[in-house]
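**Student:** I'll drop the sequence and a predicted model, then ask my questions.
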Amino acid sequence: MEPRVNPTLPPLPAPPDAVRRLIERLPIEPPSFVLAQVLNRVLLRRLDADARAALANRCVEVHISDFGVRMRLALGARGFALAPRRAEVALRVSATASAFWRMASGEEDADTLFFERALVIEGDTEFGLLLKNTLDAIGPLVPAFLRQSSRK
């Protein structure tokens with residue numbers, strides 16, 4: 001039996017500024033829907049009832065800065081979904097795609113990225129800390145077979 005090789009994902013090149021500006025003008029609903037579906041499959045089942053209650057009905061905006069993609073989500077009774085269009089944003093989280101990947105795969109923690117200014121968090125500090133601590137307690141969100149280790 002041959003050993004299983006972990007595939008690595010090559011870094012995505014950032015689009016040219018003109019393309020990024022175009023992406024920033026597109027509606028946020030399609031990428032928000034996709035992220036909500038991913039989080040429902042990867043994260044929702046790992047949240048206990050207390051965490052779900054604490055995080056519920058608050059709008060979080062995620063911004064992938066190098067691609068110009070914005071997503072707005074809220075956790076409701078049926079899982080993650082697009083936040084209502086006029087919902088007040090409780091927390092804004094912004095980083096490059098690479099920084100989000102490193103955080104989701106457990107290669108970097110949010111505190112390190114924040115203090116290196118690779119992760120920007122704005123809004124309700126208490127809610128942000130609750131979200132960060134909840135995600136830290138869960139561990140990496142990216143399945144092990146997809147993780148790319150930069151610690152070789």
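**Tutor:** Good, I have the coordinates. Residues are numbered from 1 along each chain as shown.

**Student:** For the protein, which segments are assigned as helices?
**Tutor:** 17-25, 29-42, 49-55, 97-104, 110-115, 125-138 (DSSP state H).

**Student:** For the shortest one, list the C-alpha coordinates in CSV.
**Tutor:** Think helix 110-115. C-alpha atoms of helix 110-115 as CSV (Å, rounded to 0.1, in the frame of the first residue of the first chain):
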residue,chain,number,x,y,z
ALA,A,110,-5.8,35.2,14.9
ASP,A,111,-3.8,37.0,17.6
THR,A,112,-0.5,36.7,15.6
LEU,A,113,-2.1,37.8,12.4
PHE,A,114,-3.8,40.7,14.3
PHE,A,115,-0.6,41.9,15.9
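
**Student:** packing partners for it?
**Tutor:** helix 97-104, strand 119-123, helix 125-138 (3 or more Cβ pairs under 8 Å, 6 or more residues apart in numbering; DSSP states H and E). For every residue, glycine as well, the C-beta is placed using N, CA and C.

**Student:** now do the third one
**Tutor:** Using 3+ Cβ pairs under 8 Å, 6+ apart as the contact criterion, the secondary-structure elements in contact with helix 49-55 are helix 125-138.

**Student:** for the last one, same thing?
**Tutor:** If you count contacts as 3+ Cβ pairs under 8 Å, 6+ apart, helix 125-138 packs onto helix 49-55, strand 89-95, helix 110-115.

**Student:** So which of those is nearest Met103?
**Tutor:** Of all those, helix 110-115 sits nearest to Met103, with 5.9 Å by Cβ to Cβ.
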